[in-house]
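# Next input, structure requested:
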Amino acid sequence: MKRLRIIHNTQYSYHEPVSFGPHRVMMRPREGHDVRIVDGRIEVEPEATVRWLRDIYNNSIAILTFAEPARTLRILGEADIDYLRDNPIECLIEPGAQFFPFQYAPEEQIELVQYRLPSYPYDGSKLRDWLQALYRPGQSIETFDLLNDLNTHIFRSLTYSHREEAGVQTPCDTLARGTGSCRDYAVLMMEAARHWGFGARFVSGYIQMAEGQHGATHAWTEIYIPGAGWHGFDPTNNKMAGSEHIAVAVSREQEKASPISGTWAGPANVFSHMNVSVQVVAL
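Now for the predicted structure:
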């Protein structure tokens, strides 16, 4: 077990006061058998009413409602967590799913329908051609090896770039450009896994960096493997999600896992800049 402190501070600045619509904030880690929140808080400036809810993916979301205009919006989320995750390599795959291709059990297929449907169906032919280097119909390959090969293939064939722009690139865009951010990598892996028939979902959260470095917001992919359950793969770093990965939100599509989303009203050129600071430190 290890204890981590996560401090996520985001500030938006404007040249003059603007009005804020409701905001959705996802900064609270997902709790479970491997993660337990010891302490947590959220601070908001200007003053806001905070209401908590669980969405259809069981993500914890704070809904912020503002009464007064302001020139600055600051949202600080802080959490201390105990992390008890098992070794990610030690997972037991059901005998019938140890080799790909395989079929999900009927009861699992019903639950996984939404996670197996592509989000970018028009990118299917391009993905099929790109994936032929890893698997061709008629082959038999160990399921875990196939997914690890996909993780490594994305890492080695693309160049990572930090992008400030909102949203993600489509899989075709990422392949054509040969570069992308962690969220672009995660979407590409998610769609590639769905092309093979796997249930896959987008994950946003935090990653603990090397000693002496701050943490960072991060995105990766979870794929459903019978017997092992939802298993995380991080193509940005060519590794499986492990004890340095702290999930905050999961969703079928990346837009629903954004840390902060909302609206503001004011002159078109009034926005000044945004600052984001993330720290993930061992206690």
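# For residue 167, which three-state class applies?
coil (DSSP: H, G, I helix; E, B strand; the rest coil).
# The closest residue to it other than its chain neighbours in helix, strand or coil?
Setting aside the residues directly before and after it, residue 167 is nearest to residue 255 in space (C-beta to C-beta, 6 or more residues apart in numbering), at 7.8 Å. For the C-beta atoms, the positions are set from N, CA and C on the backbone; glycine is no exception. Using three-state DSSP, the structure places residue 255 in helix.
# Pull the number of nearby residues for residue 255.
13 (other C-beta atoms under 10 Å).
# Could you give me the buried positions within the host helix or strand of residue 148?
Element membership of residue 148 [criterion: DSSP states H and E] is helix 143-157. Neighbour counts using 16 or more other C-beta atoms under 10 Å place 143-144, 146-147, 150-151, 153-155 of helix 143-157 among the buried residues.
# wait, what's in contact with residue 276?
Contacts for residue 276 (C-beta atoms under 8 Å, 6 or more residues apart in numbering) come out as 8-11, 217.
# picking that back up, adding pLDDT and distance to residue 137, write the buried residues of helix 143-157 out as TSV.
As requested, the buried residues of helix 143-157 are exported to TSV (pLDDT from 0 to 100; distance: C-beta to C-beta, whole Å):
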residue	pLDDT	distance to residue 137
143	96	16
144	94	20
146	97	13
147	97	17
150	97	16
151	97	21
153	96	18
154	97	21
155	96	25
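# which of these lies closest to residue 37?
When those are compared for distance to residue 37 (C-beta to C-beta), residue 151 wins out at 28.6 Å.
# Residue 234 is in contact with that closest one, correct?
Yes. Using C-beta atoms under 8 Å as the test, residue 151 is close enough to residue 234 to be in contact (7.3 Å).
# can you list residues touching both of the two?
Common neighbours of residue 151 and residue 234 (C-beta under 8 Å, 6+ apart) are residue 240.
# Where does the prediction get shaky in the stretch 151-283 of the chain?
Where the stretch 151-283 of the chain drops to pLDDT under 70, the residues are 211-215.
# What pairs with the next helix-or-strand element following the helix holding residue 148, parallel or antiparallel?
With elements assigned by DSSP H and E, the helix or strand that comes after helix 143-157 is strand 159-160. Next to strand 159-160 in the sheet, as set by DSSP bridges, lie strand 179-180 (parallel).
# Mind listing what's buried along whatever helix or strand comes next after the partner strand?
For strand 179-180, the succeeding helix or strand toward the C-terminus, using DSSP H and E, is helix 182-195. When neighbours are counted by 16+ other C-beta under 10 Å, the buried residues of helix 182-195 are found to be 182-195.
# Distance from the chain centre to helix 182-195, please.
Helix 182-195 has its C-alpha centroid displaced from the chain centroid by 11 Å (C-alpha atoms, centre = their mean, to the nearest Å).
# Which strands and helices lie in contact with it?
helix 124-131, helix 143-157, helix 171-177, strand 200-207, strand 216-225 (3 or more C-beta pairs under 8 Å, 6 or more residues apart in numbering; DSSP states H and E).
# Direction-wise, compare the biggest strand by length in the chain with strand 200-207 and give the angle.
Longest strand in the chain, counting residues (DSSP state E): strand 2-25. Relative orientation of strand 2-25 versus strand 200-207 (axes from the mean of the first three to the mean of the last three C-alpha atoms, to 10 degrees): 120 degrees.
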